[in-house]
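Novice: Got a sequence here, can you model it:
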Amino acid sequence: MFVSGILRKSVFCFVAFLAGSVLLSAASRPAPDGRPVSKSQSHGFQKEASNLLQQIKADAVTVSILADELHSYSYPPSEINFVSQGSLLNDARDQVNQMDQMLTRLRTIRRVTMPWEQKAIDRVTPAIIELTNATQSAVDFLNGHQDFPFSSSYLADSANMYKDASRVARSVGRFEKYAAAVRQVQELRPQLGMAARAGS
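Specialist: Below is the predicted model:
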């Protein structure tokens, strides 16, 4: 009897310890700077990440349109001049710079975002880096060849800009669809009499 009572107390203490550890870890999720954040603060970071990803997708669509226009204007080369090419390329570079800034912020707050947002950030990071490199390469070439701003490398840069920007927009769009599907499942669980889960 005495041993059994000690065993029950030991099991109870162990379970209480585990439960306390889980609650403590949930309540003290680290902020980007390492400090604990509350649930409302964490939700704020998640909302910010969602908004930034939406804006990155919109900018990526714009860049893909501009890059496609740049590429198509190269046939035949005589129909468009340096000034027109430069204007389109500057617009694209402005959008890409914005995407870079937003990506920097996303990578800073990544630890306190939702799992699907973390995966989206990881997925678009290399594509945005490649897009930035292709855009800068096109800018460098155009600045150095104002008399005849066309070459196979310049065409490749504009084609890569289109490909990379389109990849970013598609990736974010797919993760947004996934998040919407998870939210819908969570909303349906109570109606189906199923226990809610921490999702997405």
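
Novice: Wait, residue 158 touches residue 67, no?
Specialist: Yes - Residue 158 is in contact with residue 67 according to Cβ atoms under 8 Å; the separation is 5.3 Å. Heads up, the C-betas are built off the backbone N, CA and C, glycines and all.

Novice: Point out where the chain drops to low pLDDT.
Specialist: 1-40, 74-80, 148-150, 195-200 (pLDDT under 70).

Novice: Now do the helices in it.
Specialist: Taking DSSP state H as the criterion, the chain carries its helices at 2-27, 39-72, 82-109, 115-144, 152-191.

Novice: Need the ones you listed in a markdown table (columns: mean neighbour count).
Specialist: Converted to a markdown table, the helices of the chain look like this (neighbours: other Cβ atoms under 10 Å):
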| stretch | mean neighbour count |
| --- | --- |
| helix 2-27 | 10 |
| helix 39-72 | 18 |
| helix 82-109 | 17 |
| helix 115-144 | 18 |
| helix 152-191 | 17 |
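
Novice: And the residue nearest the centre of the chain, how close does it get to residue 63?
Specialist: The centroid of the chain falls nearest to residue 121 when counting by Cα atoms, centre = their mean (3.4 Å). The gap separating residue 121 from residue 63 is 18 Å, by Cβ to Cβ, to the nearest Å.

Novice: Equivalent analysis for residue 177, please.
Specialist: According to Cβ to Cβ, residue 177 and residue 63 sit 21 Å apart.

Novice: swap in residue 130?
Specialist: 12 Å.

Novice: for residue 124, what are its contacts?
Specialist: Counting by Cβ atoms under 8 Å, 6 or more residues apart in numbering, residue 124 touches 53, 56, 103, 168, 171-172.

Novice: Pick out the most distant pair among those residues.
Specialist: Put simply, by Cβ to Cβ the two of the contacts of residue 124 set farthest apart are 103 and 171, 12.4 Å from each other.

Novice: I'd say residue 135 and residue 161 touch.
Specialist: Yes - counting by Cβ under 8 Å, residue 135 touches residue 161, with 5.7 Å between them.

Novice: Between these two, which contacts overlap?
Specialist: Joint contacts of residue 135 and residue 161 (Cβ under 8 Å, 6+ apart) are 63, 92.

Novice: May I see the domains of the protein written out as residue ranges?
Specialist: 1-30, 43-191 (automatic domain parsing).

Novice: The last one: how far from the chain's middle?
Specialist: Domain 43-191 sits 10 Å away from the centroid of its parent chain (Cα atoms, centre = their mean, to the nearest Å).

Novice: what's the closest non-adjacent residue to residue 179?
Specialist: Excluding the flanking residues, the one nearest residue 179 by Cβ to Cβ, 6 or more residues apart in numbering is residue 116, at 5.0 Å.

Novice: circling back to that earlier point, what's near enough to touch the residue nearest to the centre of the chain?
Specialist: By Cβ under 8 Å, 6+ apart, residue 121 lies in contact with 49, 53, 103, 106-107, 110, 113.

Novice: Recalculate using a threshold of 10 Å.
Specialist: Residue 121 makes contacts with 49, 52-53, 56, 103, 106-107, 109-110, 113, 128, 172, 175, as judged by Cβ atoms under 10 Å, 6 or more residues apart in numbering.
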